[in-house]
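> Below are the sequence and a predicted model; questions follow.
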Amino acid sequence: MVQCPPKENSGPLWLANYKDEALISSQEDEHKLTRMMAALDRLFERSNDTIKHTDISLRRWLRGIYPDRPYKRPFELVVKPSTERRYRQLLKKCLCFWFRLWRLPPTLTRRLCQRTLSKPQRMALETLWDDPAWEQYDSFENVSLIDGEEEEEEEEEERKRKRKRKRKRKRRGIIPRTKTPMHILYNHHRHHHHKTPRPT
């Protein structure tokens, strides 16, 4: 339910099976989600352009947390394009999940999540979903689609980077932070032999 709309989407999207029942997202819903994801990409691009053309003094205020003084360093965009793409994909997956969950029958949502969406959540999703802006496209082909293959490549690269960092730590002799028997014995010893003395 969290995947972005596929690049080649010509029909309903299979989401999952639940108790021998196939969860399907309709073709119309996937088309609208694709429009939303394309709009989100344009939002990111416009925000990036704004930051790049904003004076450094204003960006220091933007990064600050106090109302009477700016931060010592300005707000900056992420350096690596791959990092930005991962941030985008995470936000897109989050939105797709919420909308697909909301589009399911309420009884099915309750069975899946052991709870239903709250009224404010439903109203927020409905307001965004029914916005007439999504109908400005004459056809589905005019929308820039999400490249699912690129997303998979990014995830595979991230897994490779994690494996590489793990090998480096292993070569340096860095012990991973896991509860080994020595950790357990040490914590047990501290708990039973280093209690805070009671006042007399």
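Right, received. Where do you want to start?

> Please make it C-alpha for all contacts and neighbour counts, starting now.
Fine.

> From the contact counts, what lies against the helix or strand hosting L128?
Using DSSP states H and E, L128 sits in helix 119-129. Judged by 3 or more CA pairs under 8 Å, 6 or more residues apart in numbering; DSSP states H and E, the packing partners of helix 119-129 are helix 81-103.

> Which strands or helices does the helix it packs on pack on?
helix 27-52, helix 119-129, helix 148-171.

> Export those as CSV, with columns for distance to R85.
Below are the helices and strands packed on helix 81-103 laid out as CSV (distance: least, CA to CA, whole Å):
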stretch, distance to R85
helix 27-52, 10
helix 119-129, 23
helix 148-171, 8
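
> Could you export those helices as a markdown table, including mean neighbour count?
Converted to a markdown table, the helices and strands packed on helix 81-103 look like this (neighbours: other CA atoms under 10 Å):
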| stretch | mean neighbour count |
| --- | --- |
| helix 27-52 | 16 |
| helix 119-129 | 12 |
| helix 148-171 | 13 |
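
> Pick out the shakiest of those helices, pLDDT-wise.
Mean pLDDT values for these show the minimum at helix 148-171, a mean of 73.

> Distance of the most centrally placed residue in the chain relative to R42?
Closest residue to the average C-alpha location of the chain: L90 at 2.4 Å, with CA atoms, centre = their mean. Distance, L90 to R42, using CA to CA, to the nearest Å: 16 Å.

> and if you look at L58?
23 Å.

> Please apply the same query to R167.
38 Å.

> Could you export the helix holding L128 as CSV, CA atoms only?
Output in CSV follows, covering the C-alpha atoms of helix 119-129 (Å, rounded to 0.1, in the frame of the first residue of the first chain):
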residue,chain,number,x,y,z
LYS,A,119,-12.8,12.6,11.8
PRO,A,120,-10.1,15.2,11.4
GLN,A,121,-8.0,12.8,9.4
ARG,A,122,-10.8,11.8,7.1
MET,A,123,-11.7,15.5,6.6
ALA,A,124,-8.1,16.4,5.7
LEU,A,125,-7.7,13.6,3.3
GLU,A,126,-11.1,14.3,1.7
THR,A,127,-10.4,18.0,1.3
LEU,A,128,-7.1,17.3,-0.5
TRP,A,129,-8.5,14.4,-2.6
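
> now it: how far from the chain's centre is it?
Here helix 119-129 is found 19 Å from its chain centre; the criterion is CA atoms, centre = their mean, to the nearest Å.

> Repeat that for stretch 119-135.
That offset, for stretch 119-135, works out to 20 Å (CA atoms, centre = their mean).

> Pull out the buried positions in stretch 75-84.
F75 (16 or more other CA atoms under 10 Å).
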